[in-house]
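S.K.: heads up, no residue letters with this:
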Ligand code: BDP
């Protein structure tokens, strides 16, 4: 081959590589850590302010911080290796701890305010030059500060006169992965588990570090690696070595690993005859197990436990209380400073009370009985991650117990990865709900950040929506839920809109012509889902098992409290669950004045109407419409909002890269189809009961009720264990929340 044609060939090859790299770069893998060059109008001022990076830190965390800043600045400001060894001119970015750097120590920054994980970013004069300092008391604080600093550029904010002081309000900010050891994910809609247990510990995928970067960038400081419906095998040495490899990979990013512990592990992998928490041999087994875990992972975070819930083993199997069980584990972890996150998601069909009352009934009497390294982990609502629920009345009712909030970024009940539903607004709604536990202003946020009752061990946990999909979360907009979770765990009082704004700018585009409509779309998206799925306080109307499409007619699941009809209580006369004193009296679990407010149909917020009240179809709503007409209007409004979202998105084509634009376009089509299905199926069913006409101008369902009832989704994702025995949506379903059984043997 002649030299020229060789060179031409090479040039083509290089061009091709660059081209494919550029095309791939917009597949969503980068998440919000997308460091593409800023527009020309910003470049000069940013380069002048952030010309060179200077640090003295050398720890692994300091190294990844430096790598991130280099990656960020060289990408955003389009320059090579912006690193120096000292402050020689204006425009240095000095980052580190006072222990690393005499210059930082000499600045006398008010670092006392920011604790172990917070940071200060400030424009200062050091060594006679204009410098930006990113300082913290610990290396991980500096890392968080570095991400915050990069966000300033990513969102196109000025770099002069910086004075940012930030510290997390919540101590434990964890993602709970419901990942099984076989790689499937319970309620996962973005592929398989990112943790490849088969290849670990030898092969530590680069993706683990990218996962850790994403977590650290939003302040997440822990990951529970395995499903709450736990397999005891994870606690055996062979798996603990794998856990240790992940812990090593995550450690520089400030992320600790935690494990879900199966309560019956002493029997399954310990050879004991019992798992009774008061049995000395069982207690000794857990102590030895904890010691063993810390041998592999010296900074292991602790255990998450789902006990006596949906068939999982627990202390009540031995006539003991949840406190007995939690404290046994807490005692084993205590010498190593580990914590126990004990889930309050317990209910039983053997208990003849309204399901949503049971967690409160179970745990309020135990208030004050949990060790101080136990945190009670409570879902946002008293039922189960529904599109809308009032806050769980446990928040505020257990002043002597550490309380953690569990939310579900993975959208089990909100259309999986294909529906655009931004959950920031939902979490803000719960966090800002007033419990009145200590009078007005006693928000859920204040319960979980510890400020209301003075708890030190505070927690916010999110059920992860991360999987092996190239873009991590399945849907582009699902990334926003991971992002919002981290931001709210750091500061539960942060506004969901500001978070959405940052996410859009960092992830999609900074062009205001696009940012404004996208944020507006996100902000309205959750209400849209509530409307087309479960308006006016309805809940749990989803099909059995998969929880995807509508199934308000389902009445044949083995347990009554797993049937949608249990929750809608619809019949010829009316609809809704009476939770006032004439019904289950769940209202009594709320502090005054909420109990009264929810008891009186006239003061109950319309959004919770059917959650608390059973009402005739002809009931006149605040809007002046009858309940039936109002319901139909809400369902329709939900569909219409999705239509509007489609129109908004279509106009954004010039601003979004083709790959992500196409995905969102297609997903919105799916969402629209589903929203229509939800509306039509729900209306068809309820109309079959009440026989009422639709309000004028509202279209009849497209199909008959029979058609909707015949639909089946046997292979809907996120429902491991169910696919082996497909079932029809309306018939034969036997188990709504099938959890994998522990298999104590494994051939690997
Ligand atoms: C339900 C899920 C089920 C979980 C359960 C839980 O359907 O898969 O195991 O929550 O939180 O929403 O334990």
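M.R.: Good, I have the coordinates. These figures come from a predicted structure and were not determined experimentally. Numbering: from 1, shown residues only.

S.K.: in which helix or strand would I find the closest residue to residue 155 other than its chain neighbours?
M.R.: In this structure, residue 155 finds its nearest non-sequential neighbour in residue 505, 4.4 Å apart by Cβ to Cβ, 6 or more residues apart in numbering. Where you see a C-beta, it was placed from the backbone N, CA and C, and this is true even at glycine. Here residue 505, judged by DSSP states H and E, is contained in helix 496-507.

S.K.: ok, residue 373 to residue 683 distance?
M.R.: 51 Å (Cβ to Cβ, to the nearest Å).

S.K.: ignore the last one, residue 26
M.R.: Residue 26 is 40 Å from residue 683, by Cβ to Cβ.

S.K.: cool, and residue 628?
M.R.: 10 Å.

S.K.: re earlier: so for residue 373 and residue 683, which sits in the more crowded spot?
M.R.: residue 683 (24 against 20; other Cβ atoms under 10 Å).

S.K.: correct me, but that one touches residue 703?
M.R.: No - in this structure, residue 683 is not within contact of residue 703 by Cβ atoms under 8 Å, at 11.0 Å.

S.K.: joint contacts of those two?
M.R.: By Cβ atoms under 8 Å, 6 or more residues apart in numbering, residue 683 and residue 703 have no common neighbours.

S.K.: list the contacts of stretch 629-646.
M.R.: Counting by Cβ under 8 Å, 6+ apart, 420, 521, 524-525, 527-533, 535-536, 575, 621, 623, 625, 665, 668-669, 671-672, 675-676, 678-679, 682-683, 686, 694-695, 698 sit against stretch 629-646.

S.K.: just those: which are in helices?
M.R.: Those of the contacts of stretch 629-646 mapping onto helices are 521, 524-525, 527-533, 665, 668-669, 671-672, 675-676, 678-679, 682-683, 686, per DSSP state H.

S.K.: show me what from the stretch 201-350 of the chain comes close to the ligand.
M.R.: Neighbours of the ligand within the stretch 201-350 of the chain, by Cβ under 6 Å from any ligand atom: 228-229, 306, 310, 345.

S.K.: and those residues, which two are the farthest apart?
M.R.: Maximum pairwise distance among these (Cβ to Cβ): 11.2 Å, between 229 and 345.

S.K.: quick one: common contacting residues for the two?
M.R.: With Cβ under 8 Å, 6+ apart as the test, residue 229 and residue 345 both reach residue 306.

S.K.: quick one: the helices in the stretch 251-400 of the chain?
M.R.: 265-268, 280-296, 322-333, 358-363 (DSSP state H, counting those that start in this stretch).

S.K.: doesn't residue 434 make contact with residue 440?
M.R.: Yes - here residue 440 lies in contact with residue 434, judged by Cβ under 8 Å, at a distance of 6.3 Å.

S.K.: more crowded one of those two?
M.R.: residue 434 (17 against 8).

S.K.: relative to residue 153, how far out is that one?
M.R.: 38 Å.

S.K.: how near is residue 609 to the ligand?
M.R.: From residue 609 over to the ligand the distance is 23 Å, taken as Cβ to the nearest ligand atom, to the nearest Å.

S.K.: can you name the residues that contact that residue?
M.R.: 536-537, 576, 601, 615, 621, 627.

S.K.: okay if I get those residues as JSON lines plus pLDDT?
M.R.: Output for the contacts of residue 609, formatted as JSON lines (pLDDT from 0 to 100):
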{"residue": "536", "pLDDT": "98"}
{"residue": "537", "pLDDT": "98"}
{"residue": "576", "pLDDT": "98"}
{"residue": "601", "pLDDT": "98"}
{"residue": "615", "pLDDT": "98"}
{"residue": "621", "pLDDT": "97"}
{"residue": "627", "pLDDT": "98"}
